[in-house]
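1. have a look; sequence and predicted model below, questions after that.
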Amino acid sequence: MGNSPKITTRTGAKAWDTIWRWTWFTKEQWQGEFRRQKEGTRRALASLLPKLGVRSILDCSCGLGWKTILLAEMGYDVEGCDGCGFAVRRASQLAREEGLDIRFFRSRWETLGRTCRRKYDCVYNDAFAWITTRRALSASAGGICAALKRGGKFIFQGAHQWSRDDDRERMIQQSLELEGRFEALPLHQKDGIRLTTIVTREKTADGILGNRIHVVDDHGAVRIEIASVLDACIWTWEDYTETLGRAGFRRLYSVKEKGVGPRPYILNVAEK
Ligand SMILES: C[S@@+](CC[C@H](N)C(=O)[O-])C[C@H]1O[C@@H](n2cnc3c(N)ncnc32)[C@H](O)[C@@H]1O
């Protein structure tokens with residue numbers, strides 16, 4: 001019998017490092033496609049942002065910078081940051097390849113007050129709802145507030161002003177049905193490395209636990225890298241109202257914007 005492949009499992013910030021490294025490896029598959037994939041968000045933001053009267057935006061969960069690039073292409077003065085160093089380096093490279101000069105920097109949301117060199121009219125975060133502890137929620141709200149000018153807007157998603165407590169179970173179920181419990185991503189082969197990625201999703205008490213299983217055949221030596229991320233669904237509208245209020249925001253409300261498909265995109269706006 002041969003040796004079994006070594007399995008490494010990563011959670012939290014390290015899981016994002018694994019996800020972005022292998023996503024970057026498959027760049028040829030998505031570089032011509034990412035605008036289409038993010039079209040719903042682009043439309044919703046293109047409708048909302050002019051009404052808020054913002055000019056400068058920090059996309060603080062930028063990952064590889066896909067939405068940062070879209071915001072720059074809409075004409076906003078945008079910068080991107082993320083806790084994952086690999087992602088922000090590659091986001092800079094991607095933006096350059098797309099003909100844009102965008103500043104990206106590494107920062108956790110909790111420390112934005114210290115790391116951002118300027119204040120913005122708007123901070124956008126598409127993963128604020130994924131925070132798993134109350135302590136991290138408060139610290140992140142504080143960091144984001146510190147990066148905003150007075151009157152600045154923080155845009156995020158998750159529970160909203162029309163949510164009810166019993167919506168949670170339904171939202172988890174809906175999202176699972178939409179994304180599926182199992183997904184196999186297209187195979188990718190480059191530089192002697194063959195990558196097979198399988199995604200599994202399971203319902204937990206706190207949301208959906210996603211496992212991205214990367215089977216890496218590196219010149220004949222096989223290893224498995226698993227990135228485990230909780231798409232959390234813990235926070236209620238009351239949690240947001242209370243936490244953001246304590247962090248220094250004066251007002252919180254939700255808006256419905258048209259994206260792609262029949263359902264409206266619901267975004268939350270917190271005003272400093
Ligand atoms: C859902 S992904 C972002 C996807 C990206 N906006 C896109 O459109 O492709 C969430 C990102 O948030 C980052 N992140 C999670 N928690 C963070 C924190 N506390 N501070 C900074 N970044 C964080 C992760 O590194 C990850 O890149």
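-> Looks like it arrived, so ask away. Residues are numbered from 1 along each chain as shown.
2. next one: the closest residue to Glu271 other than its chain neighbours from the ligand, what distance?
-> The shortest distance from Glu271 to any non-neighbouring residue, by CB to CB, 6 or more residues apart in numbering, is to Arg251 (4.4 Å). In short, each C-beta sits where N, CA and C put it, glycine included. Distance of Arg251 to the ligand, computed by CB to the nearest ligand atom, to the nearest Å: 24 Å.
3. what number of residues lie near Arg251?
-> Residues within reach of Arg251, counting by other CB atoms under 10 Å, total 12.
4. tell me the pLDDT of it.
-> Looking at Arg251, its pLDDT reads 97.
5. just the one 10 residues further on next, same as before
-> Looking at Gly261, its pLDDT stands at 89.
6. name the SS class of it, please.
-> coil (DSSP: H, G, I helix; E, B strand; the rest coil).
7. number of residues surrounding it?
-> So Gly261, with other CB under 10 Å, has 8 neighbours.
8. where's the nearest residue in space to it that is not next to it in sequence, which helix or strand?
-> Distance criterion CB to CB, 6+ apart; nearest residue to Gly261, sequence neighbours excluded, is Gly40 at 6.9 Å. Secondary structure from DSSP states H and E places Gly40 in helix 39-52.
9. avg pLDDT for the helix or strand just after that helix?
-> Along the chain past helix 39-52, the next helix or strand (assigned with DSSP H and E) turns out to be strand 56-59. Strand 56-59 carries an average pLDDT of 98.
10. chain center to the very next helix or strand once past strand 56-59, what's the gap?
-> Following strand 56-59 in sequence order, the next helix or strand is helix 66-73 (DSSP H and E). In terms of CA atoms, centre = their mean, to the nearest Å, the centre of helix 66-73 is found 13 Å from the chain centre.
11. now for helix 66-73, which elements pack on it?
-> For helix 66-73, the contact count by 3 or more CB pairs under 8 Å, 6 or more residues apart in numbering; DSSP states H and E identifies helix 34-37, helix 39-52, strand 56-59, strand 77-82, helix 85-97 as packing neighbours.
12. of those, which stretch is the most buried?
-> For the helices and strands packed on helix 66-73, average neighbour numbers computed from mean count of other CB atoms under 10 Å are highest in strand 56-59, which has a mean of 26.
13. for the lowest-mean-pLDDT helix or strand in the chain, list the C-alpha coordinates in CSV.
-> The weakest-scoring helix or strand in the chain, judged by mean pLDDT, DSSP states H and E, is helix 167-179 (a mean of 85). Output of helix 167-179 as CSV, limited to C-alpha atoms (Å, rounded to 0.1, in the frame of the first residue of the first chain):
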residue,chain,number,x,y,z
ASP,A,167,-35.7,34.3,9.7
ARG,A,168,-32.3,32.9,10.7
GLU,A,169,-33.1,29.2,10.2
ARG,A,170,-34.8,30.0,6.9
MET,A,171,-31.8,32.1,5.7
ILE,A,172,-29.4,29.3,6.5
GLN,A,173,-31.6,26.8,4.7
GLN,A,174,-32.1,29.0,1.7
SER,A,175,-28.4,29.8,1.3
LEU,A,176,-27.6,26.1,1.5
GLU,A,177,-30.1,25.2,-1.1
LEU,A,178,-28.8,28.0,-3.4
GLU,A,179,-25.2,27.0,-3.1
